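Chemist: got a sequence here, can you model it:
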Amino acid sequence: MSTSPGELVTDTALIVAAAGSSRRFQLGNKLFAMLDGFPVFVYCLRTLSKVLAPGRIILAVNPTDESRFRETAHRYLPDIPLIFVHGGETRCHSVRNALAAAMKLPGIRFAAVHDAARPFLSESLFLDCLDAARKYGGALLCHRISDTVKRIAPDGTSAETIDREPLRGAETPQIFPLEPLCRAYDCALASGGSFTDDAQIMERFSSIRPYLLEHRENNRKITYAEDLRSDRSYTA
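Modeler: Numbering: from 1, shown residues only. The predicted structure follows:
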């Protein structure tokens, strides 16, 4: 089943991971930094709220920042209903808390996990990723690696050059059926392991192998202050 143009998505919850520390940004919480007149976390919500049915956006935030998130959202998104949950000590804990909230919503079959620090995601790219998830059982956005990739030796020298052709850089959203994703997250948390994204958890704790949807749009992540320039060109 694909999403028709103009049709609001009703069976998918958007999980927005917004509880990070912003250590590398060095100018406070990067999600409140301004980008073209809007806070970073608001930027993508303005876009995705146009394709999702109301009441299906869940933000996992640091409890100490919750009031600021709520006040900012009310100012910039007064007509968009948002669900807030508390983030945990790791991204895994934060996403699992948001997934628990998604399980309480009626009719939700898929969860789309997206980093709030990727504000440039377009409506069409989100819907393309969702359609791929419906077709393949799971999907994530990715980009081709354009740099030559080196494996570094313990002494800081180059140990080898790695073939970049089969490599892709993983992005978000990463979209999976809700219940299998919850089960995989429970296994991941019980294992005590360290996991960097949802696809890695599904690869290890489920039979689902997500489709990697390659694209050339600007879906970069805001990590450093200089990343806030808002041109739409994409450089991998």
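
Chemist: so where do the strands sit in this structure?
Modeler: Taking DSSP state E, the strands of the chain run over residues 12-18, 34-35, 38-39, 57-61, 83-86, 110-115, 139-144, 149-152, 158-162, 168-177, 211-214.

Chemist: least reliable of the ones you listed going by mean pLDDT?
Modeler: When mean pLDDT is averaged over each of the strands of the chain, strand 34-35 scores lowest at a mean of 88.

Chemist: return the distance of the helix or strand bottoming out on mean pLDDT in the chain from the chain's centre.
Modeler: None of the helices or strands of the chain scores lower by mean pLDDT, DSSP states H and E than strand 34-35, at a mean of 88. Centre-to-centre, strand 34-35 and its host chain are 19 Å apart (C-alpha atoms, centre = their mean, to the nearest Å).

Chemist: and the residue located most distally from the centre of the chain, how far is that from residue 137?
Modeler: Within the chain, residue 155 marks the point farthest from the mean C-alpha position, 34.6 Å out by C-alpha atoms, centre = their mean. Residue 155 is 43 Å from residue 137, where distance means C-beta to C-beta, to the nearest Å. For the C-beta atoms, the positions are set from N, CA and C on the backbone; glycine is no exception.

Chemist: do residue 68 as well
Modeler: From residue 68 to residue 137 the distance is 37 Å (C-beta to C-beta).

Chemist: and for residue 45?
Modeler: 27 Å.

Chemist: who has more neighbours, those two?
Modeler: Shown here are residue 45 and residue 137; by other C-beta atoms under 10 Å, residue 45 has more neighbours (25 against 18).

Chemist: give me the low-pLDDT residue ranges for this protein?
Modeler: Residues of the chain meeting the criterion pLDDT under 70: 1-5, 20-28, 229-236.

Chemist: give me that answer again for 80
Modeler: Applying pLDDT under 80 to the chain flags the ranges 1-6, 20-28, 223-236.

Chemist: for it, which segments count as helices?
Modeler: 40-48, 66-76, 91-103, 123-136, 178-191, 198-205 (DSSP state H).

Chemist: of the ones you listed, which approaches residue 145 most closely?
Modeler: Closest to residue 145 of the helices of the chain, according to C-beta to C-beta: helix 198-205, at 16.2 Å.

Chemist: so what does that closest one touch, helix or strand wise?
Modeler: Helices and strands touching helix 198-205, by 3 or more C-beta pairs under 8 Å, 6 or more residues apart in numbering; DSSP states H and E, are strand 168-177, helix 178-191.

Chemist: tell me which of the ones you listed is the most buried.
Modeler: Greatest average neighbour count among the helices and strands packed on helix 198-205 goes to strand 168-177 (a mean of 23), per mean count of other C-beta atoms under 10 Å.

Chemist: how close does the residue nearest the centre of the chain get to residue 173?
Modeler: In the chain, the residue lying closest to the centroid (C-alpha atoms, centre = their mean) is residue 114, at 1.6 Å. Distance of residue 114 to residue 173, given as C-beta to C-beta: 4 Å.

Chemist: so what sits against both of those two?
Modeler: Shared contacts of residue 114 and residue 173 (C-beta atoms under 8 Å, 6 or more residues apart in numbering): 14, 121.

Chemist: returning to that earlier point: packing partners for the least confident helix or strand of the chain?
Modeler: Using 3+ C-beta pairs under 8 Å, 6+ apart as the contact test, no helix or strand touches strand 34-35.
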